[in-house]
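Peer 1: A structural model of the following input is requested.
(one chain, ligands or ions: 1)
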Amino acid sequence: PSGNSGTDGDPRYDFVVVSNRLPVDRVTDADGNSTWRRSPGGLVSAMAPVMANNDGAWVGWAGGAGEHLDPFDHDVFHLVPVELSAQEVERFYEGFSNATLWPLYHDVIAPPEFHRTWWNAYRNVNRRFAESAAATAAPRATVWIQDYQLQLVPRMLRQLRPDLTIGFFDHIPFPPLEIFAQLPWRRAVLEGLTGADLIGFQRPGDAQNFMRCVRRHMGITFRHGQAEIGPEVTSATFAVPDPAVDPEKPATDTPEDMSAAQGSWNLKVAAYPISIDVDAIREMAAKPETRQRAQEIRQELGDPETVFLGVDRLDYTKGIRHRIKAYGELLEDGKLRVGQDVMIQVASPSRERVESYKVLREQVEGMVGRLNGQFDTMEHTAIRYLHHGYPFAEMVALYLATDVMLVTSLRDGMNLVAKEFVAAKSDGTGRLVLSEFTGAAEQLKQAVLVNPHDIDTLKERILLAKNMPQDQARRRMRAMRRQVLTHDVNDWQDKFLTDLARMRDDDVDPRLG
Ligand code: G6P
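Peer 2: So this is what the prediction gives:
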């Protein structure tokens, strides 16, 4: 704690991360006692040292419904839980976040649903996050808001606390103007985001999509990613609109949401491709136990010639059906053979109460069942399908046991699995088939790139990866490893936070000096 106290005496923090989920998972032991464990994933491990060195706090949802938790400490984190009611879980999380924004921002692969009740919940919950961040942050603190669930928080927080420096990072794609325009509350979302000092995206293309939307719907223009939100723009854009003359007025917006935040600020938009905790993966991959386990996995599979692997949340954006279709046709064509070849598909359960995820699960399990029914022998299975998550150590062993990694997303903000696979393969073996529709494809140019919608080419590329001469495969892997090893998640957060600090130093509002 910085030594500053809020009006209610709570400690206040110089650096605050705000994300939908807290960086801890609840674990319940055999006696029914529950404790917390640090969540896996690059973002969490990258933030840990920053939190420890900067009097940091993390505001987020603990995952339950209607449950009140007081702020608590867990390893280096000071955690500030935000409560969601059961209805808010349904409308804000499952509804607006994951059945409106998620499909809309991923090329409408599934049809987004637009419901005013969901939007209301989204706005209310975003306000609660903003209020919690406002009560947690020390004077002139830095606040970093994460991802699409919290796009209204930057502006709401600036209204509450004009002294703060506010960053936002969007982990998922930002859609083209023509798709974004479908959103009935498009302007309110852009107003929410533009309350930040710095907005980061995965790809330059996402940043460009966003700037086009802001220009079209808010009339703000950018030069080299920089815009100034001055008093004239602020009041022109955020004055309460007359519904009669402004057809774009969001149906459920109340005047307070449209009121101008005080002052002027610089807004910068840029791409910061996220990465992984490279050291953690390399250390795990170097352990004798992990290598031993990788060998065991291959033995358990009957020592096949080629192990193919897919690892995804069970999500329709991941192209799992396309991958299975291509793999099944290759079996049918006799180009791949059960026993000699095996595919492992780890599909971790995700958003299971959302309808399109239920439908996808049925489809994927139907496809796997049909293929295995057709091709399995007493000894061997065509596709080993695993509908559960695995601990980190087992995942790294799986990467080591794999010859060909299949990443066939139809749209993906980044895809960290591709980068993890590359980081794990310290012996320089392994081939990566990678969808060109992932953010990762912009960094891993030596992968076997593919358009997963094109099933014939996908089949060709899968065979190309399998049969690629050793020296060529190693050359490609070496180049990809150079990229990943020199751009880890610490570099990512460092670049973002350095640019954000620069925005603070350039602050245009003399009242804050
Ligand atoms: C994606 C999103 C994250 C989200 C994660 C898991 O990576 O960008 O914001 O946390 O999926 O999804 P969940 O709905 O379980 O939080």
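
Peer 1: okay, V240: pLDDT?
Peer 2: Note for V240: predicted pLDDT of 38.

Peer 1: same question, L43
Peer 2: Residue-level pLDDT assigned to L43 equals 89.

Peer 1: got the residues of the stretch 151-300 of the chain near the ligand?
Peer 2: 171-172 (Cβ under 6 Å from any ligand atom). Using the backbone N, CA and C atoms, a C-beta is placed for each residue, glycine as well.

Peer 1: quick one: the helices in the stretch 151-300 of the chain?
Peer 2: Along the stretch 151-300 of the chain, the segments classed as helices by DSSP state H, counting those that start in this stretch run 153-160, 177-180, 186-193, 204-218, 231-238, 255-258, 278-286, 288-300.

Peer 1: with mean neighbour count as extra columns, can I get these in JSON lines?
Peer 2: Shown next, in JSON lines, are the helices of the stretch 151-300 of the chain (neighbours: other Cβ atoms under 10 Å):
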{"stretch": "helix 153-160", "mean neighbour count": "25"}
{"stretch": "helix 177-180", "mean neighbour count": "16"}
{"stretch": "helix 186-193", "mean neighbour count": "23"}
{"stretch": "helix 204-218", "mean neighbour count": "19"}
{"stretch": "helix 231-238", "mean neighbour count": "15"}
{"stretch": "helix 255-258", "mean neighbour count": "14"}
{"stretch": "helix 278-286", "mean neighbour count": "18"}
{"stretch": "helix 288-300", "mean neighbour count": "14"}
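
Peer 1: where does pLDDT dip in this structure?
Peer 2: 1-11, 230-263, 507-513 (pLDDT under 70).

Peer 1: in it, which residue is closest to the centre?
Peer 2: Centroid check for the chain by Cα atoms, centre = their mean gives H171 as the closest residue, at 4.1 Å.

Peer 1: now it: closest residue in space that isn't a chain neighbour?
Peer 2: The spatially closest residue to H171, leaving aside those adjacent along the chain, is D147, at 4.8 Å (Cβ to Cβ, 6 or more residues apart in numbering).

Peer 1: go ahead and confirm the one you found touches F169.
Peer 2: Yes. Between D147 and F169 there is a contact under Cβ atoms under 8 Å: 7.1 Å.

Peer 1: more neighbours: which of these two?
Peer 2: With neighbours defined as other Cβ atoms under 10 Å, D147 and F169 compare such that F169 has more, 22 against 19.

Peer 1: contacting residues for that one?
Peer 2: Residues near F169 by Cβ atoms under 8 Å, 6 or more residues apart in numbering: 144-147, 199-201, 272, 274, 496.

Peer 1: out of those residues, which comes closest to the ligand?
Peer 2: The nearest member of the contacts of F169 to the ligand, counting by Cβ to the nearest ligand atom, is D147 at 4.2 Å.

Peer 1: where's the residue lying closest to D197 once chain neighbours are set aside, which helix or strand?
Peer 2: Distance criterion Cβ to Cβ, 6+ apart; nearest residue to D197, sequence neighbours excluded, is M503 at 4.0 Å. Secondary structure from DSSP states H and E places M503 in helix 489-505.

Peer 1: and the angle for that helix with helix 278-286?
Peer 2: Orientation note: helix 489-505 sits at an angle of 170 degrees relative to helix 278-286 (axes from the mean of the first three to the mean of the last three Cα atoms, to 10 degrees).

Peer 1: in contact with the residue nearest to H171, which residues?
Peer 2: By Cβ under 8 Å, 6+ apart, D147 lies in contact with 19-20, 169-172.

Peer 1: name the nearest residue to D488, ignoring sequence neighbours.
Peer 2: In space, and not counting its chain neighbours, D488 is closest to V278: 4.0 Å by Cβ to Cβ, 6+ apart.

Peer 1: so how far is R502 from the one you found?
Peer 2: V278 sits at a distance of 26 Å from R502 (criterion: Cβ to Cβ, to the nearest Å).

Peer 1: ditto for E460
Peer 2: Computed as Cβ to Cβ, the E460 to R502 distance reads 47 Å.

Peer 1: now do D31
Peer 2: According to Cβ to Cβ, D31 stands 51 Å off from R502.

Peer 1: settle it for me: which of the two has more neighbours?
Peer 2: Ranked by neighbour count (other Cβ under 10 Å), D31 and R502 place R502 first, with 14 against 6.

Peer 1: so how far is N467 from that one?
Peer 2: Distance of R502 to N467, given as Cβ to Cβ: 49 Å.

Peer 1: again, but for T408
Peer 2: Distance from T408 to N467, counting by Cβ to Cβ: 19 Å.

Peer 1: compare neighbour counts for these two and give me the winner.
Peer 2: Using other Cβ under 10 Å, the more surrounded residue of T408 and N467 is T408, with 29 against 11.

Peer 1: is it true that the more buried one touches S435?
Peer 2: Yes. Contact criterion Cβ under 8 Å: T408 and S435 qualify, at 5.1 Å.

Peer 1: mind listing the shared neighbours of those two?
Peer 2: 319, 450, 452.

Peer 1: output those as a markdown table; include the columns neighbour count and distance to the ligand.
Peer 2: A markdown table is the format used below for the shared contacts of T408 and S435 (neighbours: other Cβ atoms under 10 Å; distance: Cβ to the nearest ligand atom, whole Å):
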| residue | neighbour count | distance to the ligand |
| --- | --- | --- |
| G319 | 28 | 16 |
| V450 | 27 | 22 |
| P452 | 27 | 19 |
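
Peer 1: now, which of those residues sits nearest R482?
Peer 2: V450 (22.1 Å; Cβ to Cβ).

Peer 1: can you report phi and psi for the closest one?
Peer 2: Taking degrees, to the nearest 10, you get phi -150, psi 150 for the backbone angles of V450.

Peer 1: leaving out the residues flanking it, which one is nearest to it?
Peer 2: Closest residue in space to V450, ignoring its immediate chain neighbours: R461 at 4.5 Å, by Cβ to Cβ, 6+ apart.

Peer 1: cool, and E228?
Peer 2: Leaving aside its sequence neighbours, E228 sits nearest to N266 (Cβ to Cβ, 6+ apart; 5.6 Å).

Peer 1: now the helices of the stretch 151-300 of the chain as JSON lines including distance to D75?
Peer 2: Below are the helices of the stretch 151-300 of the chain laid out as JSON lines (distance: least, Cβ to Cβ, whole Å):
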{"stretch": "helix 153-160", "distance to D75": "25"}
{"stretch": "helix 177-180", "distance to D75": "39"}
{"stretch": "helix 186-193", "distance to D75": "31"}
{"stretch": "helix 204-218", "distance to D75": "32"}
{"stretch": "helix 231-238", "distance to D75": "41"}
{"stretch": "helix 255-258", "distance to D75": "37"}
{"stretch": "helix 278-286", "distance to D75": "15"}
{"stretch": "helix 288-300", "distance to D75": "23"}
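
Peer 1: can you pull the contacts of the residue of the stretch 351-500 of the chain found nearest the ligand?
Peer 2: Of all residues in the stretch 351-500 of the chain, R351 sits closest to the ligand, at 5.3 Å by Cβ to the nearest ligand atom. Neighbour list for R351: 94, 98, 315, 357 [criterion: Cβ under 8 Å, 6+ apart].
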